[in-house]
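> starting from these lines, generate the structure:
(chains A and B)
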Amino acid sequence: MDTGATTEIEVAQLLINTLHLDQSPGEIQPDEPLFGDGLGLDSIDALEIALAISKVYGFALKSDEGRAHQVFASLRNLTRYIDAHRIR
Amino acid sequence: MFRLSGGTIKAGTFLGNAQDVAGALSPGSFVLNLCRDRLLFALALAAAMLRGQVTLLSSDRSPEWLATLSESYPGLYAVADYPAPPAQPFSWHLLDKGSIRLTGQRVAIPNIPAAQLACIVFTSGTTGQPLAHRKPWGGLVERSIDAAVWLELASDRTTSVVGMVPPHHMYGLETTVLLPLHAPAATWCGPAFYPQDVVAALRSVPAPRVLVTTPLQIRTLLHASIDLPPIDRIVSATAPLFPEMAQAAEERWKTRVVEIFGATEVGSIAGRRTTADDVWTTYPRVRLQQANPEGETLVVGPHAAAYPLSDIVELLDDRQFRLVGRRPDVVKLGGRRASLAELNRILAGLDGVIDGQFVAPDDLDRQPAARLLVFVVAPERSAEDLLAELRHRIDPLFLPRRIFKVDTLPRNDVGKLTHQALNTLRARTSEA
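Numbering: from 1, shown residues only, chains lettered A, B, ... in the order given. From the prediction side, this is the model:
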């Protein structure tokens, strides 16, 4: 099992697979917002991503007041968050 | 009643807080309630009514639409629990959760006239601009009382309501804000977005518990393999719930899954137990009438003007019906409706767009990741460029996930794109 550092490319691939995005992992800019202006994701997408994360990385996201927005702010933030919380 | 992790806010305290908020609100006739926190949302709504101001509720927060609202409702200001993003067309009143008192301040229940306009809720019109639906207070109150009867809420105990749906959506407004004001129910005002939030919320509130949710969220909860504390009822709305999923939820959590049928323009009007029946039964005092032989069904209820349903139904009697379908132009995503005609008009209005069409995939109802597609004839524009422009004009949920540039759209002699022609177009793109 891969327990090395989580990479942005692997998280980008997870987003693409989960949401059927028409992009390649390298096209998602690490600092671009995932919601709104960047990828334009919405709250339904957030739930789907959370579910995919729990399946792959073994931990469940929670809305610690205010933090949810930060976690999904960009691919880089999401990757860091996963890396800090993953249990597999 | 309203529940927070720090305590419970009872009616008198709620009203006391609402009076404080009312005193601090800006003058004006219309207020756009953008609060994300359920308690602050409810306080802002109550405060506006105490001030005789009408609350506007809109899911669409696109800059273009907010600018339109600001022009249509002179003196409009926003009340929100987050700082104003740059370049707002109106003034911004910020509410702070820290200033809410959890106890004391018992205030008498105010007498709000039944005819007082409480809210204006917007839906996507089928022929252009969004439509404004006026909600007098009396109609909302009567419907809440009906909902409590239909949900069989205990009269001698307080039912805990945990809602996963936002309060500015008609379904969330009725079930999680209005119901606790008029029935023995207490609504959870903490986070309830991710499955883990819902587990924590349900654990922190006393039984009997009701979970207010949607088919997509039930699906997520089922997939998340979590254990929930005993729930009396799971209430689902915004999209059809498949009986197999209702069955799975009932078995998994030893509960009853009921569905509410409603629409922004008429509110919640009927319900059914999904595993038992495909027939919907109206709330106790709601009646249905066939308006004309081939056409619309009118909804009639106390203190609510008769209004036609936008769905096509087969009436069995004046309280029972089967859902036949939606009108072909309407697409529904995340509980919000949009008209394809309206989206197409917006698309056609972009510079350099010669022709274009929004298309709904066939699995839109079943597949959470499914979104609209666009076929466009715009030789001078790039897909990214068009998407960026659409972002300012339409609700993010209805943004196309893919934009296909084509040389021409296969329109027939009368300029229509038939279902078959669109299917051919779609098939070609999936091969590519």
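> any chance you could map the helices in the chain?
Since you didn't name a chain, this refers to chain A. Ranges of helices in chain A, per DSSP state H, are A:8-19, A:43-57, A:67-71, A:75-85.
> that was the other one, I meant chain B.
B:11-24, B:38-50, B:63-72, B:137-150, B:170-172, B:179-182, B:195-204, B:215-223, B:243-253, B:340-348, B:383-391, B:419-431.
> tabulate those helices (a markdown table), appending mean neighbour count, mean pLDDT and distance to residue B:131.
C-beta here means a position set from N, CA and C on the backbone, and glycine is covered the same way. Listed next are the helices of chain B as a markdown table, based on neighbours: other C-beta atoms under 10 Å in any protein chain shown; pLDDT from 0 to 100; distance: least, C-beta to C-beta, whole Å:
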| stretch | mean neighbour count | mean pLDDT | distance to residue B:131 |
| --- | --- | --- | --- |
| helix B:11-24 | 19 | 94 | 29 |
| helix B:38-50 | 24 | 97 | 21 |
| helix B:63-72 | 16 | 90 | 12 |
| helix B:137-150 | 20 | 95 | 17 |
| helix B:170-172 | 25 | 92 | 13 |
| helix B:179-182 | 23 | 95 | 25 |
| helix B:195-204 | 20 | 94 | 33 |
| helix B:215-223 | 21 | 89 | 25 |
| helix B:243-253 | 16 | 94 | 31 |
| helix B:340-348 | 19 | 86 | 11 |
| helix B:383-391 | 16 | 90 | 21 |
| helix B:419-431 | 12 | 74 | 26 |
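> go through those helices and name the closest to residue B:262.
Proximity to residue B:262 (C-beta to C-beta) singles out helix B:170-172 among those, at 6.3 Å.
> residue A:57 is in contact with residue A:14, correct?
No - the criterion here is C-beta atoms under 8 Å, and residue A:14 misses it with residue A:57 at 9.0 Å.
> neighbour count winner among these two?
Neighbours were tallied for residue A:14 and for residue A:57 using other C-beta atoms under 10 Å in any protein chain shown; the higher tally belongs to residue A:14 (21 against 17).
> from residue B:265, how far out is residue B:304?
Distance, residue B:304 to residue B:265, by C-beta to C-beta, to the nearest Å: 10 Å.
> next: residue A:35.
Here residue A:35 is placed at a distance of 29 Å from residue B:265 (C-beta to C-beta).
> residue ranges with poor pLDDT in the chain?
Using chain A. Where chain A drops to pLDDT under 70, the residues are A:1-4, A:36-41, A:65-69.
> chain B, not that one
In the predicted model of chain B, residues B:124-129, B:293-294, B:414, B:429-432 satisfy pLDDT under 70.
> which parts of stretch B:404-421 are buried?
Within stretch B:404-421, the residues scored as buried using 16 or more other C-beta atoms under 10 Å in any protein chain shown are B:404, B:406, B:409, B:417.
> list just the nearest of those to chain A.
Using C-beta to the nearest C-beta, the shortest approach to chain A within the buried residues of stretch B:404-421 belongs to residue B:404, at 9.6 Å.
> can you name the residues bridging to the closest one?
residue B:375 (DSSP bridges).
> distance to residue B:292 added to the helices of chain B, as CSV?
Shown next, in CSV, are these (distance: least, C-beta to C-beta, whole Å):
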stretch, distance to residue B:292
helix B:11-24, 44
helix B:38-50, 37
helix B:63-72, 32
helix B:137-150, 24
helix B:170-172, 26
helix B:179-182, 34
helix B:195-204, 44
helix B:215-223, 32
helix B:243-253, 32
helix B:340-348, 23
helix B:383-391, 37
helix B:419-431, 27
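> closest one to residue A:18 among these?
That would be, of these and by C-beta to C-beta, helix B:215-223, which comes in at 11.9 Å.
> packing partners for that closest one?
Where contact means 3 or more C-beta pairs under 8 Å, 6 or more residues apart in numbering or on different chains; DSSP states H and E, helix B:215-223 is packed against helix A:43-57, helix B:195-204, strand B:233-236, helix B:243-253.
> so that helix versus helix B:195-204, what angle?
Here helix B:215-223 points in a direction 80 degrees away from that of helix B:195-204 (axes from the mean of the first three to the mean of the last three C-alpha atoms, to 10 degrees).
> once you drop chain neighbours, what's closest to residue 76?
Using chain A. Nearest non-adjacent residue to residue A:76, counting by C-beta to C-beta, 6 or more residues apart in numbering or on different chains: residue A:30, 4.3 Å away.
> please refer instead to chain B.
Closest residue in space to residue B:76, ignoring its immediate chain neighbours: residue B:30 at 4.6 Å, by C-beta to C-beta, 6+ apart.
> can you check residue B:304 too?
Using C-beta to C-beta, 6+ apart, the nearest residue to residue B:304 is residue B:139, at 3.9 Å.
> tell me how far the one you found lies from chain A.
Residue B:139 sits 29 Å away from chain A, going by C-beta to the nearest C-beta, to the nearest Å.
> fine, thanks again, bye for now.
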